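>>> structure for this input, please:
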Amino acid sequence: MKRLLVAAIALLVIVVQAATFLTIATGGTAGTYYPLGAGMADIWNKNIKGMNAMVQSTGASVANVNLLKNKEVDLIFVQNDVAFYAYNGVEMFKEPFPQLRGLATLYPETVQIVALADRGINSVYDLKGKRVAVGAAGSGTEVNARQILAAAGITYNDIKVQYLSFAEAANNLKDGNIDAAFVTAGHPTAAIVDLAAVRKIVLVPVPDEIIASLQKDYPFYVKIVVPAGTYKGVDVDVITVAVKAMLAVRAEMPEDLAYQLLKTMYANQKRLIEAHAKGELIIPETGKEGMSIPLHPGAEKFFKEMGL
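As a prediction, the model looks like this:
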C-alpha cells in the first residue's frame, strides 16, 4: 500500500511538472482584451501539450504591468505606450521594469471619445465643464484621456472627472449621469455598441492640431479613422488617434514557450476572429509594428523564421 502511495505521488509530481500554467491578464469584460484573451487561452490549451491557460479580468494596461511585475500573472495585454512607460519607469511608473519583454503587437487601439448627442459636445474643446469618464483609475485609457485633454489645453480641473471602466461609463451614459467618456479599445467596442442601441451618441473627433501636438510629445499615437456606420447613429467617418494593443511577458519566460505561444496563436487566427472582430488584424506581418520595448528571444526567433 505504501509503495502504491509513493508511486502515485511520484506520478502526480511528474504530471504537475509537465503542466504549464499560464495566467493571462486582460481587461474589463466589456472591452476587447477579455474576449481575445479567452480565445487565445482556448487556442493554447487545445494546441500546446500540457498547457493550462486561464484568463483574468483586470483593470487593463497599467494594472496588468503591476500584476506581471509582481509575478501574479504570466502574460499580459497592454497598450504599447504604457509598456514603454513601464519599461523606462516614467509617467505612472516610479521604477523601471527592465525585465518586461514584448511578444507581439496585435491591432490599433482606438481612443474613442463618446458623448450623448444632446449634450452639445462636438469637439474635444467642448468637454470643458462637462462630466467626463476618463477610464478606470490606473488604466491606459486614463493616461490617453489626460494627454489628449492636455493637448487641447484642458486639465482635470476644467472637467468633472469620473474614473469609470468601459462598462461603468456606458451605464452612466445610458442613465444620463455623465456627458462623455473616453474608451481606448479596438472598435467596434461592445460597451459603445450597447450604448448606441439605447441612446443617441456622437463620436467626438480629434482635430489635426491636437494630433500634431500629441505626436510631438508621444510618438506612439497614430491617426486613425473610425468608419461611418461603426456605431448606430454615427453616420460620418470620425478622425481620432490610436495606440497599439500588444502582448508582453517577463524576460524569464522560457524561449521555447514564448515561441510556441506565437506560433500556435497565429496558426489559429480563425478562432481569434470568432472571439472578436479584431482577430482579423492579428497577423505575423504586423506583429512588430509599434513594438515599444525589447522583444522576447522566443518572439525574435518566431519572427526571424517568418522572415520578418
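
>>> the strands in the protein, which residues?
For the chain, applying DSSP state E gives strands covering 20-25, 51-56, 75-79, 100-116, 131-133, 160-162, 180-185, 201-203, 222-226, 238-250.

>>> got the contact list for the spatially closest residue to residue 52 that is not a sequence neighbour?
Once flanking residues are discounted, residue 52 sits nearest to residue 21: 5.0 Å by CB to CB, 6 or more residues apart in numbering. Any C-beta I mention is one placed from the backbone N, CA and C, and that applies to glycine too. Listed by CB atoms under 8 Å, 6 or more residues apart in numbering, the contact set of residue 21 reads 52, 54, 74.

>>> same question for residue 256.
So residue 256 contacts residue 298 (CB under 8 Å, 6+ apart).

>>> need the pLDDT of it.
Listed pLDDT for residue 256 reads 97.

>>> how many residues are close by residue 88?
Look at residue 88: counted by other CB atoms under 10 Å, it has 15 neighbours.

>>> next one: phi and psi at the nearest residue to it once chain neighbours are set aside?
The shortest distance from residue 88 to any non-neighbouring residue, by CB to CB, 6+ apart, is to residue 96 (5.6 Å). The phi/psi pair for residue 96 (degrees, to the nearest 10) reads phi -70, psi 160.

>>> residue 96 and residue 303, how far apart?
Distance of residue 96 to residue 303, computed by CB to CB, to the nearest Å: 25 Å.

>>> equivalent analysis for residue 84, please.
In this view, residue 84 and residue 303 are 19 Å apart by CB to CB.

>>> quick one on the thing from earlier: give me the more crowded residue out of residue 96 and residue 303.
Legend: neighbour count by other CB under 10 Å for residue 96 and residue 303, higher for residue 303 (17 against 13).

>>> would you agree that one is in contact with residue 297?
No. Using CB atoms under 8 Å, residue 303 makes no contact with residue 297, being 11.0 Å away.

>>> ok, back up a step: list just the nearest of the contacts of residue 21 to residue 154.
residue 74 (38.7 Å; CB to CB).

>>> residues contacting that closest one?
21, 22, 23, 24, 68, 249, 250, 253.

>>> please apply the same query to residue 176.
Counting by CB under 8 Å, 6+ apart, residue 176 makes contact with residue 116.

>>> got phi/psi on it?
According to degrees, to the nearest 10, residue 176 has phi 80, psi 10.

>>> just put the contacts of residue 74 in CSV and tack on pLDDT.
Converted to CSV, these look like this (pLDDT from 0 to 100):
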residue, pLDDT
21, 96
22, 97
23, 97
24, 98
68, 98
249, 98
250, 98
253, 97
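
>>> buried ones among those residues?
Buried subset of the contacts of residue 74 (neighbour count, 16 or more other CB atoms under 10 Å): 22, 23, 24, 68, 249, 250, 253.

>>> sorry, back to before: any idea how far the residue nearest to residue 88 is from residue 206?
The gap separating residue 96 from residue 206 is 30 Å, by CB to CB.
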